[in-house]
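> okay, predicted coordinates and the sequence, questions at the end:
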Amino acid sequence: MEKNKSFWTRQACAFVRTGEVIYNNYKDLRDTCRIGNLRKRRIMFELIKRMISKTTADYADIRYEMIKETKIVFTGRELFHIGTNSADGFVIRILKNGGFSSIAFTRPDDAENALRISEENAALMARHVKNPVTFAATDVIKAIFLPDIDEDPRHVPIEEKLQLTRKYNSIALGHEKIATTNIRYSEVIREKYFMSTEGTEIREDLITTSLGGMITSREGTLTQNVRVAAGGSHGFALLRNQEEEFEKKTAIALDLLQATPVSGGEYNVVLNQDMAGVFAHEAFGHFSEADLIEDSPTMRDRMKIGAMLGNEVLGITDDPTIPRQLGFYYCDDEGVKARRLPLMKRGVLAGRLHSRRTAAEFGEGLTGHCVAEDYRYAPIVRMGNIFIEPGENTFEDLLSMLGDGLYILDHKGGQTSGENFTFGAQYGYIIKGGKKRTMVRDINISGNLYHTLKNITAVGNDLCLSKTGGCGKGQTNIRSCHGGPHIRINNVIIGGI
């Protein structure tokens, strides 16, 4: 039980100096912290400073996090799970003589041993790597950043969260042909402290809420699934008044029982905002993460800055600085300030996402895109808010340009293999003469990244970013956000009957 308690309730043997008083144990420290968050922050930074001062490395940083997760899950009408879990821990990163190492630990009194092990590992790495690790220079930042939110979920009773989840779950279950649901409320609060030997000190909160899941319809032996989601990074209020969204997705699940399976072949298509965003993230975005291509001479040559990869109508950007969006953050987990980065301009590769290490390796500028799942992990290069830049065409323009083809909506799983991709779609419509006709289902689209980038021939003006996200590259990132406007693509391979 002791190891599961928060840092503030664990005993430890270290001393912490605040400038006003010396605390001989963490019970005294915890009690004093009740006076206010300002003193709590000061004490936490003093603790981390004491830890990091013992290193002999060329560079070191320590990230401390307290994480609290609340989850409510309904399977059909049954309340399957309800609970809250809290945990905390530290990650130390060491750069010494060109060797780079990291270690995670949970008890403050293990810090000295963790530093020693990490320094030993870094020294060992230095003796066995061909290219010594270096970090690109960054600004020293001293900042406290608490996000602008509407209704802090930490102040909403769990009973109220339960009732809201139950209400949305009941919307679908009120229909005879809805076989079951899997609807869940999820809340993740990360309170982060970061300090480096260069002098950076950052305190930042990340607050993520979501409510949604899967609606399953059935008629005879035929079943159909539709995803529904509400959520984001700016408070509990955005989960309220979502009845219309749950009713809309329930109607789609029911309509799919009457939909026609799509006929396989090659089509010109219009993708909706969600599908366009998934393409930007999965097919293109990962190749913009420097750590995924750095050891591949072929990919580094193919993804050279300045290469003409796409149609001139196409622009793609990653921007974690957009306030109140899911992928928003102030600084990444290396203490580098987040920044907007155009990845493609008018079809030309214009930028790449970096950590401090990869920025030095590529000789390119820092971007602030090195992010960890939580206190258990050292950060890796990740997307924030990646999206296709809006164009000038209305949705009606795109359908008119399409003439005959398919309108494809909402992703449903998928995979990439090198430069080739396959994505499922939840549903679509046959387009005849620029007008929506029959609903179709069982849709899979596949293609080659570079051919598809060239075949994006028109871009809508209706940019929309996802309300919930996720990326499983190495670690899970629930705040990885994607989006775009509607886009028109020629010659897409559609799998079907």
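Sure, I can see it.
> got the contact list for Gly285?
316, 318, 343, 383, 386, 482 (CB atoms under 8 Å, 6 or more residues apart in numbering). All C-beta spots, glycine's among them, are computed from the backbone N, C-alpha and C.
> quick one: contacts of the one helix or strand the last one maps to?
Same thing as His482. Element membership of His482 [criterion: DSSP states H and E] is strand 481-484. The contact list for strand 481-484, computed with CB under 8 Å, 6+ apart, reads 273-274, 276-281, 285, 325-327, 383-388, 390, 463-466, 469.
> direction included, what does it pair against?
Sheet partners assigned to strand 481-484 using DSSP bridges are listed as strand 385-388 (parallel), strand 464-465 (antiparallel).
> could these go into a markdown table alongside mean pLDDT?
What follows is these, written out as a markdown table (pLDDT from 0 to 100):
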| stretch | mean pLDDT |
| --- | --- |
| strand 385-388 | 98 |
| strand 464-465 | 98 |
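> out of those, which gets nearest to Gly212?
strand 464-465 (15.6 Å; CB to CB).
> so what touches the closest one?
273-274, 277, 322, 325-326, 385, 387, 481-485.
> likewise stretch 163-177?
Against stretch 163-177 from outside (CB under 8 Å, 6+ apart): 72, 74, 76-77, 79, 178, 181, 183-185, 211, 215, 217-219, 239-240, 242-243, 246-247, 249-250, 253-254, 257.
> make a ChimeraX selection of the buried ones in the residues you listed.
Remark: buried members of the contacts of stretch 163-177, expressed as a ChimeraX selection using 16 or more other CB atoms under 10 Å:
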select :72,74,76,178,181,183,184,185,211,215,217,239,242,246,247,249,250,253,254
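> among the contacts of stretch 163-177, which are in helices?
Applying DSSP state H to these, the entries found in helices are 243, 246-247, 249-250, 253-254.
> re the thing from before, so after the strand holding His482, what's the next helix or strand?
Assigned by DSSP H and E, the successor of strand 481-484 is strand 487-495.
> that following strand pairs with which strands, and in what direction?
Strand 487-495 has the following strand partners under DSSP bridges: strand 265-271 (antiparallel), strand 443-448 (antiparallel), strand 456-459 (antiparallel).
> quick check: longest helix of this structure.
Longest helix in the chain, counting by DSSP H: helix 111-128.
> can I get the CA coordinates of it in CSV?
Below are the C-alpha coordinates for helix 111-128, written out as CSV (Å, rounded to 0.1, in the frame of the first residue of the first chain):
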residue,chain,number,x,y,z
ALA,A,111,16.9,9.7,-6.3
GLU,A,112,20.6,9.4,-5.4
ASN,A,113,20.7,5.8,-6.5
ALA,A,114,18.8,6.5,-9.7
LEU,A,115,21.2,9.3,-10.6
ARG,A,116,24.2,7.0,-10.0
ILE,A,117,22.7,4.2,-12.2
SER,A,118,21.8,6.6,-15.0
GLU,A,119,25.2,8.2,-15.0
GLU,A,120,26.8,4.7,-15.2
ASN,A,121,24.6,3.8,-18.1
ALA,A,122,25.3,7.0,-19.9
ALA,A,123,29.1,6.5,-19.5
LEU,A,124,28.6,2.9,-20.8
MET,A,125,26.6,4.2,-23.8
ALA,A,126,29.4,6.8,-24.5
ARG,A,127,31.9,4.0,-24.9
HIS,A,128,29.8,2.1,-27.4
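> check Lys27 and give its pLDDT.
At Lys27, the pLDDT value in this model is 41.
> kindly report the same for Asp31.
At Asp31, the model reports a pLDDT of 45.
> go on, Phe287?
96.
> is it true that it touches Thr298?
No: if you go by CB atoms under 8 Å, Phe287 and Thr298 don't touch, sitting 11.4 Å apart.
> more crowded one of these two?
Phe287 (22 against 10; other CB atoms under 10 Å).
> how much space between the more buried one and Met214?
Remark: distance between Phe287 and Met214 (CB to CB, to the nearest Å) = 30 Å.
> can you tell me the closest non-neighbouring residue to Thr317?
In this structure, Thr317 finds its nearest non-sequential neighbour in Pro342, 5.1 Å apart by CB to CB, 6 or more residues apart in numbering.
> what's the answer for Thr106, then?
Nearest residue to Thr106 in three dimensions, chain neighbours excluded: Gly89, at 4.2 Å (CB to CB, 6+ apart).
> where does that neighbour land in three-state SS?
With DSSP: H, G, I helix; E, B strand; the rest coil as the basis, Gly89 sits in strand.
> again with Ile67
Applying three-state DSSP: Ile67 is strand.
> which other helices and strands does the helix or strand hosting the residue nearest to Thr317 contact?
Here Pro342 sits within strand 341-345, counting by DSSP H and E. Strand 341-345 sits against strand 316-318, with contacts defined as 3 or more CB pairs under 8 Å, 6 or more residues apart in numbering; DSSP states H and E.
> so what strands line up beside the strand it packs on?
strand 341-345 (antiparallel), strand 385-388 (antiparallel).
> circling back: list the buried residues for the strand holding Pro342?
Within strand 341-345, the residues that count as buried by 16+ other CB under 10 Å are 341, 343-345.
> now, among those, which is nearest to Ile493?
For the buried residues of strand 341-345, the nearest to Ile493 is Met344 (22.8 Å; CB to CB).
> next, the buried residues of the longest helix of the chain.
111, 114-115, 117-119, 121-123, 125-126.
> try stretch 280-296
Neighbour counts over stretch 280-296 (16+ other CB under 10 Å) mark 280-293 as buried.
> please apply the same query to stretch 320-336.
Buried-residue list, stretch 320-336, by 16+ other CB under 10 Å: 320-322, 325-336.
> repeat for stretch 438-457
439-445, 447, 449-450, 452-457.
> please tell me the pLDDT value assigned to Lys130.
For Lys130, the predicted pLDDT is 89.
> which element, helix or strand, includes it?
Assigned by DSSP H and E, Lys130 falls within no helix or strand.
> tell me the contacts of it?
So Lys130 contacts nothing (CB under 8 Å, 6+ apart).
> now do it against Gly98, distance only.
From Lys130 to Gly98 the distance is 10 Å (CB to CB).
> next one: Gln224
Using CB to CB, Gln224 is found at 56 Å from Gly98.
> just the helices in the stretch 351-497 of the chain please.
Under the criterion DSSP state H, counting those that start in this stretch, helices of the stretch 351-497 of the chain are mapped to 356-362, 395-402, 449-455.
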